[in-house]
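Sequence and predicted structure below; questions after.
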Amino acid sequence: MRKIFRFYFLVAIVALLVGCSFNRSNTRRNNSEAPKNTETSTYHNTDVTGPAASFDWNAKVGPVSYEKTYVETNSGKEITTTLDGVKQAADNLEKKKKEISDPKVQAALKLVDAVFVNQENFDLVLKATGTSNQEEFFNKIWNEVLIPILSERYSTFSNDTVFKYKGESYPIKVYAPMFFKVNTNALGKAGAYTLEDYKVDGDMVYLQFKAPSVDTYQYEVKASYHDNYK
């Protein structure tokens with residue numbers, strides 16, 4: 001299971017970005033065909049209990065500061081450094097964007113920005129995917145994208161799996177979407193990404209870019225200190 005999450009976190013993010021462009025036209029068409037409704041339906045799983053019940057689905061990561069302060073353990077002295085590499089990457093990205101005039105590409109880049117640059121704009125991703133909030137979005141990624149892939153790749157995979165820890169039950173179908181939500185928030189610390197190329201084919205926009213990823217091995221290392229780790 002450890003390898004599953006490490007490998008498929010990247011798959012989830014790719015699906016996140018690809019899914020935005022895929023569902024945008026469908027959402028627009030369906031909205032025009034459906035009767036108008038003044039009520040707003042917000043997704044929420046009311047069956048969740050335990051630690052998951054207090055999970056903050058609305059958490060977002062603000063824009064990265066180009067300065068970082070470290071505190072020495074022994075002396076308590078604060079040292080502030082400038083993240084020159086991040087700032088340079090951000091400047092290069094903005095320069096590249098200014099060279100792009102196609103509004104479709106600009107719209108697609110705003111979705112990528114909402115993940116890696118400024119998650120305060122994450123609502124753009126929700127709107128593009130037709131989801132009402134982040135809870136619905138990450139559950140949709142898990143249920144509609146990752147479960148089919150995992151089920152095909154691993155014959156022993158089951159979405160009904162429940163992990164036990166210190167007397168508490170942790171259903172994978174409840175906590176897996178949270179896992180991807182937390183790690184997506186971590187991507188907001190990137191501050192920038194490198195746009196290498198793009199292509200427009202009708203209503204579809206293809207982006208080729210490099211961006212920092214989350215090293216999920218950190219969870220395995222920390223978990224290995226617990227006596228019930230398997």
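It's in. Numbers count the residues shown, from 1 in each chain.

So the most centrally placed residue in the chain: helix, strand or coil?
Centroid-nearest residue in the chain: residue 184, 3.0 Å away (criterion: CA atoms, centre = their mean). Using DSSP: H, G, I helix; E, B strand; the rest coil as the criterion, the local structure at residue 184 reads helix.

Reduced to three states, what does the closest residue to residue 96 other than its chain neighbours come out as?
In space, and not counting its chain neighbours, residue 96 is closest to residue 195: 5.1 Å by CB to CB, 6 or more residues apart in numbering. Quick note: C-beta positions are derived from backbone N, CA and C, even for glycine. Under three-state DSSP, residue 195 falls in the strand class.

Okay, now the unreliable bits of this protein?
1-42, 216-230 (pLDDT under 70).

can you give me the strands for it?
67-71, 78-82, 162-165, 168-171, 194-201, 204-210 (DSSP state E).

so what does the last one touch, helix or strand wise?
Using 3 or more CB pairs under 8 Å, 6 or more residues apart in numbering; DSSP states H and E as the contact test, the elements touching strand 204-210 are helix 2-33, helix 103-116, strand 194-201.

same question, the second one
Helices and strands touching strand 78-82, by 3+ CB pairs under 8 Å, 6+ apart, are strand 67-71.

likewise the fourth one?
In terms of contacts (3+ CB pairs under 8 Å, 6+ apart), strand 168-171 is packed against strand 162-165.

Then the third one?
Where contact means 3+ CB pairs under 8 Å, 6+ apart, strand 162-165 is packed against strand 168-171, helix 172-187.

Would you mind giving those as CSV with distance to residue 74 added?
Compiled in CSV, those are given as follows (distance: least, CB to CB, whole Å):
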stretch, distance to residue 74
strand 168-171, 37
helix 172-187, 29
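
Do I have it right that residue 90 meets residue 190?
No: contact between residue 90 and residue 190 fails when scored by CB atoms under 8 Å: they sit 9.7 Å apart.

Could you tell me which residues touch both of these two?
Residues touching both residue 90 and residue 190 (CB atoms under 8 Å, 6 or more residues apart in numbering) are residue 117.

Looking at the strands of the chain, which is nearest to residue 142?
Residue 142 sits nearest to strand 168-171 of all those, at 11.8 Å, using CB to CB.

What are the buried residues along that closest one?
By 16 or more other CB atoms under 10 Å, the buried positions in strand 168-171 come out as 170, 171.

Please export the C-alpha coordinates of that strand as CSV.
Extracted in CSV, the C-alpha atoms of strand 168-171 (Å, rounded to 0.1, in the frame of the first residue of the first chain):
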residue,chain,number,x,y,z
GLU,A,168,-9.4,3.9,16.0
SER,A,169,-10.6,2.8,12.6
TYR,A,170,-9.3,4.5,9.4
PRO,A,171,-11.3,3.6,6.3
